[in-house]
Each structure stands twice: as structure tokens, then as C-alpha cells.
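fold the stuff below for me.
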Amino acid sequence: MKFDHLFGPVPSRRLGVSLGIDLIPYKTCTLDCVYCECGKTTNLTQERKEYVAIDEVLKELKKYLDKKPELDYITFSGSGEPTLHSEINQIINFVKENYPAYKLALLTNGTLFTDKKLREEVKNVDLIIPSLDSVSQEIFDKINRPHVDLSITDIIEGLIKLRQIHNGQYWLEVFIIPGLNDTENEIKLMKETIAKIKPDKVQLNTLDRPGTESWVKPASKEKLEKISRILGNNTEIIKTFASRKKVKSYKEKTKDKILATLTRRPCTEKDLAQILGLHINEITKYLQVLLENNEIKTKKEKRGTFYYIQNNS
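Residues are numbered from 1 along each chain as shown. Here you go, the predicted model:
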């Protein structure tokens, strides 16, 4: 059955079998990150509103969860910033009250926790994973290209205040871009800030598929390991996690459909999502597996990043 606001379950390296909830229109965000694998932000905004009808989301969740599926997490994610939805608290309360066996996760860029009301709304989410790529305004502006009204100092303060009232696990994700946030001074400042936020763990990430800007390159394994040692014992590297193929929700049929489509013609992620009727976040998980296995390759073109069968030119 096809849903408009739910997708997956997707095979997630960090979250296992994860049912996604997408509350925001494609590329509506508070940031326009240079590394974003979903492409350039087309609606750069801080406005919180009911972007999709809350009644529709709750109806879909009830229909799906009444069947008692095996899930590790129900995850707020997608191709926009989920905390922009003004009624996210209704979904959190709905799941907690009616389906308490399921755990909720929130993947967020963390920019809106300056709002006390939002902090209260999400404090009962089982796992919150905010991102923080830099603690200096200059590098924040270069990497994340934020809405003009966003201050990294205020964002950090919001992350600290949320941690103080949050009742679950709190993991901080840091995306490393060589030449920008991997310098000795930046990592020193990051370590000092992490000590103030006090997350349960820090997760280092880097580019593993083409980002919005072609100049963004992945950090080396050696660099990530060095940063991990500096930041401390609760730091782990996302790229070392088990392959998504080992997650129960990984479907060979989905991978085969993607390969069959690319055999006919190269496609962007968005093309594949439209052709196969899958959410773009689900497509990206399988593309990563295919890239890891050297079954496909990428090429940056005017309309975006295209995926090709490896033996095609």
C-alpha cells in the first residue's frame, strides 16, 4: 500500500529497521548545506507551519501500525527539516499514547531548538540526532549556508537547553568536510562545545555520495580516526557501521528494480523515486549499497547527479 507521508521501512545503518515520516515538502529547510545529497534547498525558511495535513499523517500511521510491524524506530526524517512542521508534537503524542511499544527518532539539523516551545514538544522522543558541523559562524556559513537570521551561538545554546530536559538518547552528528571544519582550531572548539552539550555519543560522518556542490570531498579514514581520538571515547565513525544489506528491511527486489532502471538509462535520485514510486530517502539507502559494491557510478551534470551502471560510459 502506498502512503503519502510514510516511507520504508528503510535499512538504516544506525537505526536498523526504520519507518520514515516525511512532514515537509521537498527541500524546505533552514539550511542549504553544501554536502546535502538531496540537492540544493529551494525553500530556505524558518517558518513553522502545518506543511502537510496532520490528520492525514495520523490516519496513515494508524493504518500502518495497527498491523503491528516489526520496527526498530519510527523516524522523523525526509528531504526537509522535520521540526519546521508546527504540529510535530501531535504525532509524538499520538504514537506515545496509542503505540507505546514503538520508539521514535528525530533526525534534525538542530537549528530550531532556540524555540522553548519546540524543545518541550520533542523532549519525549526516544532518540534525537541533531547535527552540528561547526561552532564558528564563519565555517557554519560556508558549510551550512543558513537562513540569514540563524546564529550558531544561539543554535548551540538551544542544543544545550534541549539536552537538559530531554528524556531519551541524544546523539550529535558532525559532518566533516576537509579544509573547512577539520582544522586543529575547529576541532578544538568543537570538543569544547560538545563538553557543554553533553550528548550520549558523537557520530562523525563524511561524504559518501555526491553532495550539492561538486567541490565537497570526503574526509579520509585516517582523518576521521584522528578527529575521533581528539573528540573522545564517546565518538564513533558512521562509515564503519555494518552494511545496510545486513538490516532486516533491506530488499533485494528494490535493489534489482533500481539496477534494471539504470540499465535502461542513467537517472537522478529524484528520477528513480518518481519511476519506482518510492520515497527519495529510501532510494538513497539502496544507491549507497550499490556504490559500495561498485555496481554503479555517478556523474555530475547540469540537472543534478546521475547514476550509471558501472560498465556503461
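
next, the distance between the ends of stretch 171-186.
Stretch 171-186 has its terminal residues 20 Å apart, counting by Cα to Cα, to the nearest Å.

state the distance from the most centrally placed residue in the chain to Gly20.
Against the mean C-alpha coordinate of the chain, by Cα atoms, centre = their mean, the closest residue is Leu107 at 5.3 Å. For Leu107, the distance to Gly20 equals 9 Å [Cβ to Cβ, to the nearest Å]. No exception for glycine: its C-beta is placed from N, CA and C like everyone else's.

likewise Arg119?
Look at Arg119 and Gly20: by Cβ to Cβ, they are 23 Å apart.

settle it for me: which of those two has more neighbours?
Gly20 (25 against 19; other Cβ atoms under 10 Å).

okay, and that one sits in which element?
For Gly20, the host element (DSSP states H and E) is strand 16-21.

common neighbours of Leu107 and Gly20, please.
Common contacts of Leu107 and Gly20 (Cβ atoms under 8 Å, 6 or more residues apart in numbering): 75, 77.

where do the strands sit along the stretch 1-150 of the chain?
Assigned by DSSP state E, counting those that start in this stretch, the stretch 1-150 of the chain shows strands spanning 6-12, 16-21, 28-29, 43-44, 73-76, 104-108, 127-130.

the first one to strand 16-21, inter-axis angle?
Direction vectors for strand 6-12 and strand 16-21, defined by axes from the mean of the first three to the mean of the last three Cα atoms, to 10 degrees, enclose an angle of 160 degrees.

using CSV, write out every CA atom in strand 6-12.
Listed next in CSV are the C-alpha coordinates belonging to strand 6-12 (Å, rounded to 0.1, in the frame of the first residue of the first chain):
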residue,chain,number,x,y,z
LEU,A,6,5.3,7.4,5.4
PHE,A,7,8.1,5.7,3.6
GLY,A,8,10.0,2.5,4.1
PRO,A,9,10.8,0.8,6.3
VAL,A,10,14.3,1.6,5.1
PRO,A,11,17.5,-0.2,6.1
SER,A,12,19.4,2.2,8.2
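
check which helices and strands that strand sits against.
Contacts defined by 3 or more Cβ pairs under 8 Å, 6 or more residues apart in numbering; DSSP states H and E place strand 6-12 against strand 16-21, helix 54-65, helix 280-292.

for stretch 181-198, buried residues please.
The neighbour-count check on stretch 181-198 (16 or more other Cβ atoms under 10 Å) flags 181-182, 186-187, 189-191, 193-194, 197 as buried.

where's Lys270, which helix or strand?
helix 269-276.

which elements pack onto that helix?
If you count contacts as 3+ Cβ pairs under 8 Å, 6+ apart, helix 269-276 packs onto helix 252-264, helix 280-292, strand 304-309.

in the first one, which residues are buried?
It refers to helix 252-264. For helix 252-264, the neighbour count (16+ other Cβ under 10 Å) marks 254-255, 257-258, 261-262 as buried.

Tyr73 is in contact with the residue nearest to the centre of the chain, correct?
No: if you go by Cβ atoms under 8 Å, Leu107 and Tyr73 don't touch, sitting 10.0 Å apart.

got the contact list for Leu65?
Listed by Cβ under 8 Å, 6+ apart, the contact set of Leu65 reads 95, 98-99, 102.

so which of those residues wins on neighbours?
Greatest neighbour count in these, by other Cβ under 10 Å, goes to Val95: 22 neighbours.

what's downstream of the helix or strand harbouring Gly158, the next helix or strand?
Element membership of Gly158 [criterion: DSSP H and E] is helix 152-165. Per DSSP H and E, the first helix or strand lying C-terminal to helix 152-165 is strand 169-175.

and the pLDDT for Ile74?
Per-residue confidence (pLDDT) for Ile74: 96.

Lys302: neighbour count?
Lys302: 4 neighbours (other Cβ under 10 Å).

could you do the one 3 residues further on as well?
Thr305 has 20 neighbours, counted by other Cβ under 10 Å.

same deal with Gly78?
By other Cβ under 10 Å, neighbour count at Gly78 equals 23.
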